[in-house]
Every structure is written in structure tokens, then in C-alpha cells.
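J.: sequence plus the predicted model coming up.
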Amino acid sequence: MTETSVTKDDIDELGPVDWIVVEFPGSRFKGEIAPELASLVERNIVRVLDLLIMRKDEDGTLEAFELSDLDDPELGELRTYETELAMLLSEDDVAAIAAAVEPGSTAAVLVWENTWAAPFGSAVRRAGGQLVASGRIPIQALLAVIQEDEEELAKEGS
């Protein structure tokens, strides 16, 4: 990740930054996630730092698009973030992400700041603390545990 619009003075107030790649098999990306993303931004839960749409043809040819390159119907409300984007993703980042995308698919790459956590992170830094580990539990893993617990309870109830 390279360029950013975040200045050195802003770093102390910056919240944790995350990224995701969401694949849409069959290249059926229509921007339907835009209202949910807009809600998160409007409630100051996240700040969009970078957003890229990429299409991978069946032959593996990759096209990456900035929001200004796409038609409005494909974007929905996502276009409203275009002027706020920091353009953090480098060409190397895009190439690495493209390797994970299946041919014949469209993917949305989203980089965001967790603005809800910025005050806590700033307080930790001012107190001399530093992050030494972090992680995320995939929702699929949580669902599997819940299902396993339900099956175990059903066996005990029989």
C-alpha cells in the first residue's frame, strides 16, 4: 500500500485499518452493498480509504476499475465515496488480490478505517501501549460452532 491522504498529524487519531475482497461469481456485481456501506459511513463507524472494482475474465485477463470508470447503475451509492478515497492499493496489491479471484468473477476491494475504535486506539498509544497481536474469526467458523452446539443439544435432548 502506497499513497494516502492521511497526514502525519492525523496518525495519532487514526483507527485500525482493515481490508476485504468480496468476490461475485459470474461478474454479477451491481453495487447492492452500497446502502449498507453508506450507513456505516454516515454513522461514523467506518471511513472508506480505498475502493477498487476488478473483473477477471474466463481466460484470466484482469481489468481493475476506479469508480469513475464504471457506469452509475453498477455503483449505486458507492460513487459518493470517490472523492474521499486515499488510493492505498498499489499495483502489487492488486496483482496479489487478483490471484485470489476466480476467472469469470468480479471482485470489490474495500479498505476502511474503523473510526469507532480511533479514540480507544489513540488512548492506548498515549498510554504507551502497542498492538502485539490481532485476529478475526470468520463468520463461517462461528456458524459451524453454533450448528455443532445445536446438534449436541439435540442429541442430549433425545
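T.: On my side now, so go ahead.

J.: so where's the longest helix in this protein?
T.: Longest helix of the chain, by residue count under DSSP state H: helix 139-157.

J.: please state the offset of that helix from the chain centre?
T.: 28 Å (C-alpha atoms, centre = their mean, to the nearest Å).

J.: low-confidence ranges in the protein?
T.: In the predicted model of the chain, residues 1-12, 29-31, 67-86 satisfy pLDDT under 70.

J.: quick one, strands of it?
T.: Remark: strands assigned in the chain by DSSP state E are 17-25, 47-56, 62-65, 105-113.

J.: what is the last one packed up against?
T.: Using 3 or more C-beta pairs under 8 Å, 6 or more residues apart in numbering; DSSP states H and E as the contact criterion, the elements in contact with strand 105-113 are strand 17-25, strand 47-56, helix 91-100. Heads up, the C-betas are built off the backbone N, CA and C, glycines and all.

J.: contacting residues around that strand?
T.: With C-beta atoms under 8 Å, 6 or more residues apart in numbering as the test, strand 105-113 has contacts from 1, 14-29, 33, 37, 46-56, 86, 88-89, 94, 97, 101.

J.: ok, of the residues you listed, which come out buried?
T.: Buried members of those, scored by 16 or more other C-beta atoms under 10 Å, are 14-15, 17, 24, 29, 33, 37, 46-56, 86, 88-89, 97, 101.

J.: what's the burial count for Asn44?
T.: Counted by other C-beta atoms under 10 Å, the residues lying close to Asn44 total 10.

J.: show me what contacts it?
T.: So, once contact is read as C-beta under 8 Å, 6+ apart, Asn44 ends up touching 115-116.

J.: from Val124, how far off is it?
T.: Per C-beta to C-beta, to the nearest Å, Asn44 is found 20 Å from Val124.

J.: ok, now Glu23?
T.: 34 Å.

J.: these two touch, right, Arg47 and Thr115?
T.: Yes - contact criterion C-beta atoms under 8 Å: Arg47 and Thr115 qualify, at 5.1 Å.
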